[in-house]
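*Asks:* no FASTA, just this:
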């Protein structure tokens, strides 16, 4: 029996990764260096700060948000996945702070507020992006993901070391991504999606099956039914692949990812449907 990550693990991991993220922001020397897409290192850090405010608000924090955000919250509650890029860009336009030292303070304060909320009542429900209902521990898992992924982006821009730790990636999958995919199935599934059944065999987690069809996405434990595609990998590799921080061909060549199943070519359907912003 594999131990499931607990809410306490989410709480601890979020605080530990934020401490590393804080050190990273204090190490930035090239603010304008490109980090991800067209965002600089400073803009990427500011993006994480805006997300930390939204996630803290979802967890019940009463912190004063330093930019106009009420209408953005309303738009986020009705958003589709395709709307996320525009919402992020608008939040970044309104939040003008770019000093990494000050940005670190924003992120630290919000992480602390979320950690307190999760420690107090990890299963308290909240309404999140797209009107999806999640427990607040899942929101903490989302911010853990943002810190881990964008910490990697910023570190690469500064030629500094950054590790997406395997235990953190397991928590992201088990406490955020899998619950979100299940809860947001009506938001994620295209009415024209061609069916594909994918089994994820992730080191340290129970095997999961993601079943995609026209208008639905479901996530559950693996069964005797054979999957079209079987991915065997570690959690960090899977997270980085899903968010396009690793090249699939290189990962396959390195054997960090193995692909099997009865119809492995259907992995392209899965990748198109599960493309993350």
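*Replies:* Yep, that arrived. Keep in mind the model is a prediction, meaning the values are calculated, not measured. Numbering: from 1, shown residues only.
*Asks:* Tell me which helix or strand in the protein has the weakest average pLDDT.
*Replies:* Least confident helix or strand, the chain: helix 185-188 with a mean of 68, by mean pLDDT, DSSP states H and E.
*Asks:* Okay, now the sheet partners of the helix or strand just after it, with direction.
*Replies:* Past helix 185-188, further along toward the C-terminus, the next helix or strand under DSSP states H and E is strand 196-202. Strand pairing for strand 196-202, determined by DSSP bridges: strand 208-213 (antiparallel), strand 229-233 (parallel).
*Asks:* ok, residues contacting the longest one?
*Replies:* This means strand 208-213. Strand 208-213 is touched from outside by 178, 181, 189, 193, 195-200, 202, 217-223, 225, 227, 269-270, 273-274, with contacts defined as C-beta atoms under 8 Å, 6 or more residues apart in numbering. C-beta coordinates here come from the backbone N, C-alpha and C atoms, glycine included.
*Asks:* Kindly report the same for the shortest one.
*Replies:* Residues outside strand 229-233 that contact it (C-beta under 8 Å, 6+ apart): 196-203, 238, 241, 251, 256-261, 263-264, 266-267, 270.
*Asks:* can you rerun that using 7 Å?
*Replies:* With contact meaning C-beta atoms under 7 Å, 6 or more residues apart in numbering, strand 229-233 is reached by 196, 198-202, 256-261, 263-264, 266-267, 270.
*Asks:* circling back to that earlier point, export the strands paired with strand 196-202 as a markdown table, with columns for mean neighbour count, mean pLDDT and distance to residue 79.
*Replies:* Shown next, in a markdown table, are the strands paired with strand 196-202 (neighbours: other C-beta atoms under 10 Å; pLDDT from 0 to 100; distance: least, C-beta to C-beta, whole Å):
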| stretch | mean neighbour count | mean pLDDT | distance to residue 79 |
| --- | --- | --- | --- |
| strand 208-213 | 20 | 90 | 21 |
| strand 229-233 | 21 | 95 | 28 |
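*Asks:* Am I right that residue 126 sits in a helix?
*Replies:* No - residue state for residue 126 (DSSP: H, G, I helix; E, B strand; the rest coil) corresponds to strand; a helix is not indicated.
*Asks:* Report the contact partners of it.
*Replies:* Counting by C-beta under 7 Å, 6+ apart, the residues that residue 126 touches are 58, 59, 134, 136, 139.
*Asks:* and the last one, how many neighbours?
*Replies:* By the criterion of other C-beta atoms under 10 Å, residue 139 has 28 neighbours.
*Asks:* so what pLDDT did it get?
*Replies:* With respect to pLDDT, residue 139 scores 97.
*Asks:* That one and residue 58 touch, don't they?
*Replies:* Yes - counting by C-beta atoms under 7 Å, residue 139 does reach residue 58; the two are 5.0 Å apart.
*Asks:* which residues do those two both contact?
*Replies:* 126, 128.
*Asks:* so how many other residues sit close to the residue lying closest to residue 175 once chain neighbours are set aside?
*Replies:* Distance criterion C-beta to C-beta, 6 or more residues apart in numbering; nearest residue to residue 175, sequence neighbours excluded, is residue 141 at 3.9 Å. The local packing of residue 141 (other C-beta under 10 Å) involves 31 other residues.
*Asks:* Name the helix or strand for residue 141, please.
*Replies:* helix 136-158.
*Asks:* who does that helix touch, helix- and strand-wise?
*Replies:* Here helix 136-158 touches helix 7-25, strand 34-36, helix 41-58, helix 100-120, helix 166-171, going by 3 or more C-beta pairs under 7 Å, 6 or more residues apart in numbering; DSSP states H and E.
*Asks:* Can you lay out these as a markdown table showing distance to residue 154, mean pLDDT and mean neighbour count?
*Replies:* Listed next are the helices and strands packed on helix 136-158 as a markdown table, based on distance: least, C-beta to C-beta, whole Å; pLDDT from 0 to 100; neighbours: other C-beta atoms under 10 Å:
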| stretch | distance to residue 154 | mean pLDDT | mean neighbour count |
| --- | --- | --- | --- |
| helix 7-25 | 6 | 94 | 20 |
| strand 34-36 | 5 | 98 | 20 |
| helix 41-58 | 5 | 97 | 24 |
| helix 100-120 | 9 | 96 | 20 |
| helix 166-171 | 16 | 96 | 22 |
